[in-house]
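Engineer: Could you work out the structure for the sequence below:
(one chain, ligands or ions: 1)
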Amino acid sequence: MDFEVFLDLKFHDIPNTTAMAVKAAAELGVWMVNVHCSGGLRMMAACRETLAGMAGPAPLLIGVTVLTSMEQDDLAGIGLDVAPQEQVLRLAGLAAQAGLDGLVCSAQEAVPLKAQFPALQLVTPGIRPAGSAQDDQRRILTPAQAMAAGSDYLVIGRPISQAADPASALASVVAELA
Ligand SMILES: O=c1ccn([C@@H]2O[C@H](COP(=O)(O)O)[C@@H](O)[C@H]2O)c(=O)[nH]1
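Structural biologist: The predicted structure is shown next:
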């Protein structure tokens, strides 16, 4: 099979440790790797610089903003008295400054992100086809809504993997997007 690997390990550590993790991922030949933007500007910049110093094609370096399972109450619980979108835009600014290639965010934030950071590619989990269970996700959109908002990559897990007929569930998503 011919496919590319998105190594979705969401590295979150001090700059040196995170950069070494990203370097190891690049040496494995993955297509995309991600780190938590909340690790800060210096951490993301260290990852970018480490990849830039390596020979060969680098993986796309993506920053996780605010997990799509979190809403305003969850942010308040960890001491962040801001709306999710405000925190996402703040972290996106740091990611852009560090030279990252894109963001993991909710598609609910895609419109303002594309307006302010058009060069960043948007990887959006929290995708829920109409009628499917929300599960633990909170900031959700349907596949068609997400594409219309400006998502570059849709991440769809349980609505397909846990469906009685996963192939049919996938076909329905594809048909919705056609
Ligand atoms: O903010 C985030 C970041 C990553 N994820 C990951 O995406 C999939 C979503 O799976 P579903 O079954 O469609 O909910 C899962 O692997 C998460 O770890 C995310 O959901 N939100």
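
Engineer: Distance check, the residue minimising distance to the centre of the chain against the ligand.
Structural biologist: By Cα atoms, centre = their mean, the mean C-alpha position of the chain lies nearest to Val104, the distance being 1.6 Å. From Val104 over to the ligand the distance is 5 Å, taken as Cβ to the nearest ligand atom, to the nearest Å. Heads up, the C-betas are built off the backbone N, CA and C, glycines and all.

Engineer: same thing with Phe11?
Structural biologist: 13 Å.

Engineer: Same check on Ala25?
Structural biologist: 16 Å.

Engineer: What of Ile78?
Structural biologist: Counting by Cβ to the nearest ligand atom - Ile78 and the ligand are separated by 14 Å.

Engineer: Contact partners for the residue of the chain at minimum distance from the ligand?
Structural biologist: At 2.6 Å from the ligand, Gly157 is the closest residue in the chain, using Cβ to the nearest ligand atom. Taking Cβ atoms under 8 Å, 6 or more residues apart in numbering, we find Gly157 in contact with Pro125.

Engineer: pLDDT wise, what is it at?
Structural biologist: Looking at Gly157, its pLDDT is 98.

Engineer: one step back: which one is the residue nearest to the centre of the chain nearest to, not counting chain neighbours?
Structural biologist: For Val104, ignoring the flanking residues on the chain, the nearest one in space by Cβ to Cβ, 6 or more residues apart in numbering is Val64 at 4.4 Å.

Engineer: residues in contact with the spatially closest residue to Glu109 that is not a sequence neighbour?
Structural biologist: Leaving aside its sequence neighbours, Glu109 sits nearest to Val88 (Cβ to Cβ, 6+ apart; 4.7 Å). Residues near Val88 by Cβ under 8 Å, 6+ apart: Thr65, Val66, Leu103, Cys105, Ser106, Glu109, Leu113.

Engineer: Test my guess that the fifth one contacts Leu141.
Structural biologist: Read that as Ser106. Yes: under the criterion of Cβ atoms under 8 Å, Ser106 makes contact with Leu141 at 7.3 Å.
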